[in-house]
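# Sequence first, predicted model second:
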Amino acid sequence: ISDQNMLLSADLAFKNITVAGERDFSISGKIAEINTSNKTIKELLPRVLGDKLPDVLDNAGKVSLNGNIYLDRNNINLQSDIRTQLGNLTTDLKMQDITNSENTSYQGKIIAKNFHLGRFLEQKILGRVTGAIDVKGKGFILETVDNQIDGKLQSFDFNGYSYQNILVSGSMTKPEFDGEIHIDDPNVKLSFEGSAALAAEIKKYDFKAQIDYADLNVLQLVTRDTLSVIKGNIELNAEGNTLDEMVGKLNFRNTSYQNHNDIYYFEDFTVTSEFNDRKVRTIAINSPDIIEGVFIGKYQFKELGKIF
């Protein structure tokens, strides 16, 4: 089959796909090659797939696929190599309840090669990913996703930096990650345990991290100091979308911070931040070996630097 929107070369068996309203239909077989898009497939088989494939698949654009497929009203089994406008994927997936795209369940393995996850999920903070993930759960959009993931990533773009050599194990639920992450990157070596809701309307953090080395400037987390290296143990329990909106508690233990001026050491350093009902901020600093004090007022964090 070939036209301007679709090329299909396959050995497929069809059952009841031309019968309007037929529930007992199926498509199965081997696909040598298919070049198309999610939108075209739904238009080609409107009664079969028109409202069943998740809309998020539209973001992949034109797709070229080869492999084995089984599809019926509720299920898809797909072992395939997929080339998209966002990057390449290899899948061994089983999906159920595909008629309910917000809660479609799935299990299997996905191998990504330079795949733009941020554009696929419409999340600007994310970029491209290369690696393998075992996944089991349901939901394709962040508001309904609920899954367990275990994987090894060669690279993962986050907030403008491409992290290398990542091990991840945990759950992703509406849209909070809860689990463990280990990173062995030239600019950051750390072990993370806890939760982070980075795609929520208000970001939330509750985690512990052992940082062997992190260059915060290179990671694009600090811009004030071009040299900004931290080592130590950190605990964060807070929420907020920016540093100036953050409310909660941050604790550093056995930590060092290096900038162009000096290297600063502290055994125990705690910062708490809160607002009252008039939006007046209180920041309390408690570090017996450095400084103790309280800042009260309406100000931004960058203004505190002018005090020291």
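That came in fine, so what should we check first? Numbers count the residues shown, from 1 in each chain.

# so residue 217, which of the three states?
Secondary structure assignment for residue 217 (DSSP: H, G, I helix; E, B strand; the rest coil): coil.

# The closest residue in space to it that isn't next to it in sequence - how many residues pack around it?
Excluding the flanking residues, the one nearest residue 217 by CB to CB, 6 or more residues apart in numbering is residue 228, at 4.3 Å. From N, CA and C alone the C-beta is placed, and that goes for glycine too. Residue 228 has 19 neighbours, counted by other CB atoms under 10 Å.

# Ok, residue 255 next?
Residue 255, neighbours per other CB under 10 Å, totals 18.

# now swap in residue 298 and tell me
Counted with other CB under 10 Å, residues neighbouring residue 298 total 10.

# how about the nearest residue to it once chain neighbours are set aside, what does it touch?
Nearest-residue entry for residue 298: residue 280, 6.0 Å, with adjacent residues in sequence omitted and distances by CB to CB, 6+ apart. Residue 280 makes contact with 296, 297, 298, according to CB atoms under 8 Å, 6 or more residues apart in numbering.

# and after the lowest-mean-pLDDT helix or strand in the chain, which helix or strand comes next?
Lowest on mean pLDDT, DSSP states H and E among the helices and strands of the chain sits helix 46-49, with a mean of 50. Later in the chain than helix 46-49, the nearest helix or strand by DSSP states H and E is strand 62-72.

# Now do that following strand: which elements does it pack against?
Strand 62-72 sits against strand 26-37, strand 75-84, with contacts defined as 3 or more CB pairs under 8 Å, 6 or more residues apart in numbering; DSSP states H and E.

# how far does the longest one sit from the chain's center?
The one in question is strand 26-37. With CA atoms, centre = their mean, to the nearest Å as the basis, strand 26-37 stands 29 Å off its chain's centre.

# Equivalent analysis for the last one, please.
Centroid separation between strand 75-84 and its chain, computed with CA atoms, centre = their mean, is 21 Å.

# likewise stretch 104-113?
The chain centre lies 14 Å from the centre of stretch 104-113; the measure is CA atoms, centre = their mean.

# in stretch 197-208, what counts as buried?
For stretch 197-208, a neighbour-count test (16 or more other CB atoms under 10 Å) marks 197, 198, 199, 203, 204, 205, 206, 207 as buried.

# residues making contact with it?
Stretch 197-208 has contacts (CB under 8 Å, 6+ apart) with 123, 125, 142, 175-177, 192-196, 233-241, 248.

# tell me the contacts of the most centrally placed residue in the chain?
Residue closest to the mean C-alpha point of the chain, counted by CA atoms, centre = their mean, is residue 126 at 6.5 Å. Under the criterion of CB under 8 Å, 6+ apart, the neighbours of residue 126 are 117, 118, 157, 158.

# Looking at these, which are in helices?
117, 118 (DSSP state H).

# as a whole number, average confidence for stretch 260-277?
Mean pLDDT, computed over stretch 260-277, is 89.

# repeat for stretch 162-170
97.

# Could I get the buried residue list for it?
By 16+ other CB under 10 Å, the buried positions in stretch 162-170 come out as 163, 164, 165, 166, 168, 170.

# Quick check: the fifth one touching residue 153?
Spelled out, it's residue 168. Yes. With contacts counted by CB atoms under 8 Å, residue 168 reaches residue 153, the gap being 6.8 Å.

# between those two, what contacts are shared?
Common contacts of residue 168 and residue 153 (CB under 8 Å, 6+ apart): residue 133.

# how close does residue 95 sit to residue 190?
According to CB to CB, to the nearest Å, residue 95 stands 34 Å off from residue 190.

# more neighbours, these two?
Neighbour tally, residue 95 and residue 190, criterion other CB under 10 Å: the higher count belongs to residue 95, 21 against 18.

# before we move on, which element is residue 279 in?
Judged by DSSP H and E, residue 279 forms part of no helix or strand.

# got the contact list for it?
Residue 279 sits next to residue 298 when contact means CB under 8 Å, 6+ apart.

# right, and the secondary structure at residue 124 would be what?
coil.

# In this model residue 118 seems to touch it, though I could be wrong.
Yes. Using CB under 8 Å, residue 124 is in contact with residue 118, at 6.3 Å.

# which one of these two has more residues nearby?
Per other CB under 10 Å, whichever of residue 124 and residue 118 has more neighbours is residue 118, with 17 against 10.

# What count of nearby residues applies to residue 178?
Neighbourhood size, residue 178 [other CB under 10 Å]: 15.

# Lovely, talk soon.
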